[in-house]
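Peer 1: For reference, the sequence and a predicted model appear below.
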Amino acid sequence: MAQIATILLKGIFFIFLTNCGGFMSNIIESATIDDIALYLQREDGIDVKASYQQAQSVIDGFNDMASKGIIKGWYFNDQGHLELLPSDNALRIIANQK
């Protein structure tokens, strides 16, 4: 069963799946600013300009987490939710909290 940790960033929940393997380990950034802006428009009902501003803020946060070694990427899963790929170090921290 998957170990799951969630975080909240700019009003959107993101999920760490801690049993990521194989095919997902190569994902670096598959959810673009356009994808995230459209998601925000659809889910939050905000206008185009605001959605792009918020999407840029979300991506800036992702890049900050990546530069600190917390995540190695992000993507939309098959249910349309944004998921974060935790770094190996983050996986060790999550495992040690059990």
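Peer 2: Nice, thanks for sending it over. Fair warning: this is a prediction, and the values are worked out from it, not measured in the lab. Numbering: from 1, shown residues only.

Peer 1: Give the buried residues for the lengthiest helix in the chain.
Peer 2: With secondary structure taken from DSSP state H, the chain has its longest helix at helix 48-67. Neighbour counts over helix 48-67 (16 or more other CB atoms under 10 Å) mark 51-52, 54-55, 58-59, 61-62, 65-66 as buried. Where you see a C-beta, it was placed from the backbone N, CA and C, and this is true even at glycine.

Peer 1: Please apply the same query to stretch 35-45.
Peer 2: 36-37, 39-41.

Peer 1: distance of N96 from Q41?
Peer 2: 39 Å (CB to CB, to the nearest Å).

Peer 1: ok so, going back, can I get the buried residues of helix 48-67 in a markdown table with pLDDT and distance to G80?
Peer 2: As requested, the buried residues of helix 48-67 are exported to a markdown table (pLDDT from 0 to 100; distance: CB to CB, whole Å):
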| residue | pLDDT | distance to G80 |
| --- | --- | --- |
| S51 | 95 | 15 |
| Y52 | 96 | 19 |
| Q54 | 94 | 17 |
| A55 | 93 | 15 |
| V58 | 93 | 15 |
| I59 | 93 | 18 |
| G61 | 93 | 20 |
| F62 | 92 | 17 |
| M65 | 92 | 21 |
| A66 | 92 | 22 |
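
Peer 1: What is the nearest of those residues to A90?
Peer 2: Nearest to A90, judged by CB to CB, of those is M65 at 8.9 Å.

Peer 1: How about the contacts made by that closest one?
Peer 2: Applying CB atoms under 8 Å, 6 or more residues apart in numbering, we find M65 in contact with 71, 84.

Peer 1: Noted, bye for now.
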